[in-house]
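Visitor: Provide a 3D model corresponding to the input given below.
(chains A and B)
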Amino acid sequence: MARYIFQRIVYMFITMLLIATFSFFLMKLLPGSPLMMEDKLTEEQAVIIKEKYGLNDPVPVQYVNYLANLAQGDLGISFQQDNRGVTKILIERAGPSIQLGAQALIFGLAFGLLLGIFAALYHNSPIDYGSTFLAVIGKSIPSFVFAGLLQYYIGVKLGWLPVAFWEGFEYTIMPTIALAMFPIAIAARFMRTEMLEVLGSDFITTARAKGVNRLGVLFKHGLRNALIPLVTIIGPMAIALLTGNLVIENIFAIPGIGDTFVQAVMTNDFPIIMGFTLITGFLFIFIILIVDLLYGVIDPRIRLAGGEK
Amino acid sequence: MANKDYDKDLFVPLEREDDTSEKISRPSLTFWQDSWMRLKKNTGALIGAWVLIIITFMALAGPFFNDYGFDEQNLIRSKLPPKVQGLENIDWLPFQGTMHRTFEAETLEDAKEDAINRFKRDEENIEMTVVDDGSNGGPAIVDAEFDVYANQGFEDEYFWFGTDTLGRDQWTRVWKGTQISLYIAVLAAFIDMVIGVAYGGISAYYGGRVDDYMQRIIEILIGIPNLVVVILMILILSPGILSITIALTITGWIPMARIIRGQVLKLKNQEFVLASRTLGASDSRIIMKQLVPNVTGLIVINTMFTIPGAIFFEAFLSFIGLGLQPPVASLGTLIDEGFQSLQTFPYLMIYPAIIISLIMIAFNIVADGLRDAFDPKMRE
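Guide: From the prediction side, this is the model:
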């Protein structure tokens, strides 16, 4: 097991290095620099500015410096936002993104799992079909389309909730719902399948035969066993939340990391783009690692299979 | 228990008949016939398939239904609302070619003036109904309906989905955009399929060291989120149909490769393959006759799931400003443009949004249906 974890961490490191290298050289290939906007600089001024961003060194030296800074958690200086460090900007902006992501995850999981349980309990009934249909819709409709429509009908037409910005709890409701659509869909689908399988197994019949009441069977015997493989859907869900965050923050004008990134793309702010890329990559790899490890811990059959490797 | 004595006469010898127990009473079905039978029973999947067929047909033929070009600009006819022959007189349908707005003010005169100022500075072509004249203390409310077509002198023209901010026919643009979105998605899914099947197949079939190395590469690549790769690639390649397709395929083939590898690993040691090998079949014969037919179902299902993913990603890129550049349109760029003016001209976003949603839902349902049809054991 320890060997397996070590091996995984080595791979994780290689992947991160690959992402860092890849994004560094891609950014070097791109046209544009911090000087683009100010063509009236004298040569001396240009040299000073280039010095500040470390653009005077030959590319290999820049690359080594970049990696060295990276190791210390320094992601460089933003081109657009008044000399501010990218790390600082991203940390400042992380709050709303994390809150939004967490709310969507909790709401999505809770609602989705509930939907799935009901669908399984009332198998092949209108409730089941309704929940399946909702799951297909949630999985299919792009989050930005859904967010846009929500904003227009509930925010503008009906005026029930604030249209945009981030100034209190009621401002978080619409973005959370929009972001939670995908988690709801995945969780509902997943829960229905698992629950149907578990409810059909022998130990459930035994529990019923022994006279455990309906709710007891459902929660104590059914739900606990159905939840085991839940970790497998955490991966796709986390990715969906990360991706969704970009557009949803942009649509609802939420000052989070996703919105910062979209702005950076539009203004060619490379250090921010690279910083975001690295952080997303890191989160992504980290989540996959945790999921794989958790899965081994929870389900011994998989640990054995992984151990042999 | 005491044994009873039975009379021998009670027993009659069974008359021997031709043995029918091994007889196959129904014609034997091939894998595809069997799957097709199951698919036919799945109403949802059939509806989904029809929706896809209709949308594909419209994507190809729709732009020719009228004479407007997708990049034909005319600022005089910009932002005309949808208007459809025959449906223009039905009040509750949004195809009358008019703009509708309610105005509130202190007095009736003010409300009317607001309405006139909002649309055009004269009373022509505005039809106003007074909801509340303000005499009972409340504000005066006026329902105004503005005939934009008449006002701009386009009484005889019909723009079925309206026109965009540059006066381009939205109907033509929507179907043209559907065409491009589908093209990108299908092309990307096809490339993913070719690379994925080849990579996964080779990796599993040859096994040993080849498999080891190829799997190490996958393990490193799988960690890179495709969101990141796609965005970086678009930034250097500059947005275009081909560059978006390439960006989508860079990491897109990995899931397919993993699935195919798993399946081939399982298949290649099964008896029928061993039998074939014992009989002296060559590698290529085993691959073509034994392995490929057994993974075709999986390839089809997986490709069907890849396509909506690609459509989503293309639209997503457009939405964050990395999509196709005008005048070319895709569903993503149309939704993005529509979103900018959603509050004033909702029809610009609604139609492409409906179509993209329909495509995604249909693909997902059909893919689910195919999965159930190909392998009933996988049914959820």
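
Visitor: low-confidence ranges in the stretch 151-300 of chain B?
Guide: B:151-156, B:167, B:223 (pLDDT under 70).

Visitor: What parts of it come near chain A?
Guide: Within reach of chain A by C-beta under 8 Å from any C-beta of the partner chain, the stretch 151-300 of chain B has these residues: B:219-225, B:227-228, B:231-233, B:235-236. For every residue, glycine as well, the C-beta is placed using N, CA and C.

Visitor: I'd like the residues you listed written out as CSV, with secondary structure and neighbour count added.
Guide: Formatted as CSV, these follow (DSSP: H, G, I helix; E, B strand; the rest coil; neighbours: other C-beta atoms under 10 Å in any protein chain shown):
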residue, secondary structure, neighbour count
B:Glu219, helix, 15
B:Ile220, helix, 15
B:Leu221, helix, 17
B:Ile222, helix, 19
B:Gly223, coil, 23
B:Ile224, coil, 23
B:Pro225, coil, 23
B:Leu227, helix, 20
B:Val228, helix, 22
B:Ile231, helix, 23
B:Leu232, helix, 22
B:Met233, helix, 21
B:Leu235, helix, 21
B:Ile236, helix, 15
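
Visitor: export those residues to a markdown table and tack on distance to B:Gln33?
Guide: Output for these, formatted as a markdown table (distance: C-beta to C-beta, whole Å):
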| residue | distance to B:Gln33 |
| --- | --- |
| B:Glu219 | 40 |
| B:Ile220 | 43 |
| B:Leu221 | 39 |
| B:Ile222 | 37 |
| B:Gly223 | 42 |
| B:Ile224 | 42 |
| B:Pro225 | 42 |
| B:Leu227 | 41 |
| B:Val228 | 44 |
| B:Ile231 | 45 |
| B:Leu232 | 47 |
| B:Met233 | 43 |
| B:Leu235 | 49 |
| B:Ile236 | 49 |
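
Visitor: so where do the helices sit in the stretch 201-309 of chain A?
Guide: For the stretch 201-309 of chain A, the helices defined by DSSP state H, counting those that start in this stretch cover A:202-209, A:214-216, A:224-226, A:231-251, A:257-266, A:270-298, A:300-308.

Visitor: Which of those sits closest to B:Ile254?
Guide: helix A:270-298 (12.6 Å; C-beta to C-beta).

Visitor: buried ones in that closest one?
Guide: The neighbour-count check on helix A:270-298 (16 or more other C-beta atoms under 10 Å in any protein chain shown) flags A:270-282, A:284-285, A:287-289, A:291-293, A:295-296 as buried.

Visitor: domain assignment for the chain?
Guide: Looking at chain A here, since you left the chain open. A:1-28+A:256-309, A:94-255 (automatic domain parsing).

Visitor: think we crossed wires, I meant chain B
Guide: According to automatic domain parsing, the ranges for chain B are B:82-152, B:170-378.

Visitor: For the closest residue to chain A within the stretch 251-380 of chain B, which non-adjacent residue is closest in space?
Guide: Closest residue of the stretch 251-380 of chain B to chain A, C-beta to the nearest C-beta: B:Met360 (3.8 Å). Using C-beta to C-beta, 6 or more residues apart in numbering or on different chains and skipping the chain neighbours, the partner closest in space to B:Met360 is A:Ser140 (3.8 Å).

Visitor: contacting residues for the one you found?
Guide: B:Pro308, B:Ser357, B:Met360, B:Ile361, B:Phe363, B:Asn364 (C-beta atoms under 8 Å, 6 or more residues apart in numbering or on different chains).

Visitor: what do you get for B:Thr251?
Guide: B:Leu221, B:Ile224, B:Asn226, B:Val229, B:Val230.

Visitor: between those, which is closest to chain A?
Guide: Using C-beta to the nearest C-beta, these come closest to chain A at B:Ile224, 5.8 Å.

Visitor: For the stretch 151-300 of chain A, give me the ranges with low pLDDT.
Guide: In the stretch 151-300 of chain A, residues with pLDDT under 70: A:236, A:243, A:296, A:298-300.

Visitor: Chain B contacts on that one?
Guide: Checking the stretch 151-300 of chain A against chain B by C-beta under 8 Å from any C-beta, the hits are A:151-152, A:156, A:189, A:192-193, A:196, A:239, A:242-243, A:246-247, A:250-251, A:262, A:265-266, A:273, A:277, A:280-281, A:284-285, A:288.

Visitor: Which members of these are classed as buried?
Guide: A:151-152, A:189, A:192-193, A:196, A:239, A:242-243, A:246-247, A:250-251, A:262, A:265, A:273, A:277, A:280-281, A:284-285, A:288.

Visitor: With pLDDT, neighbour count and secondary structure added, can I get the contacts of A:Ser140 in TSV?
Guide: Below are the contacts of A:Ser140 laid out as TSV (pLDDT from 0 to 100; neighbours: other C-beta atoms under 10 Å in any protein chain shown; DSSP: H, G, I helix; E, B strand; the rest coil):
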residue	pLDDT	neighbour count	secondary structure
B:Pro308	88	23	helix
B:Ser357	88	18	helix
B:Met360	89	23	helix
B:Ile361	88	19	helix
B:Phe363	88	23	helix
B:Asn364	87	22	helix
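
Visitor: mind putting the residues you listed in JSON lines, distance to B:Ala188 included?
Guide: Output for those, formatted as JSON lines (distance: C-beta to C-beta, whole Å):
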{"residue": "B:Pro308", "distance to B:Ala188": "11"}
{"residue": "B:Ser357", "distance to B:Ala188": "20"}
{"residue": "B:Met360", "distance to B:Ala188": "15"}
{"residue": "B:Ile361", "distance to B:Ala188": "20"}
{"residue": "B:Phe363", "distance to B:Ala188": "13"}
{"residue": "B:Asn364", "distance to B:Ala188": "17"}
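
Visitor: what residues does stretch A:180-188 touch?
Guide: Residues contacting stretch A:180-188 (C-beta under 8 Å, 6+ apart): A:103-105, A:107-109, A:111-113, A:115-116, A:119, A:131-132, A:134-139, A:141, A:143, A:146, A:233, A:236-237, A:240-241, A:244.
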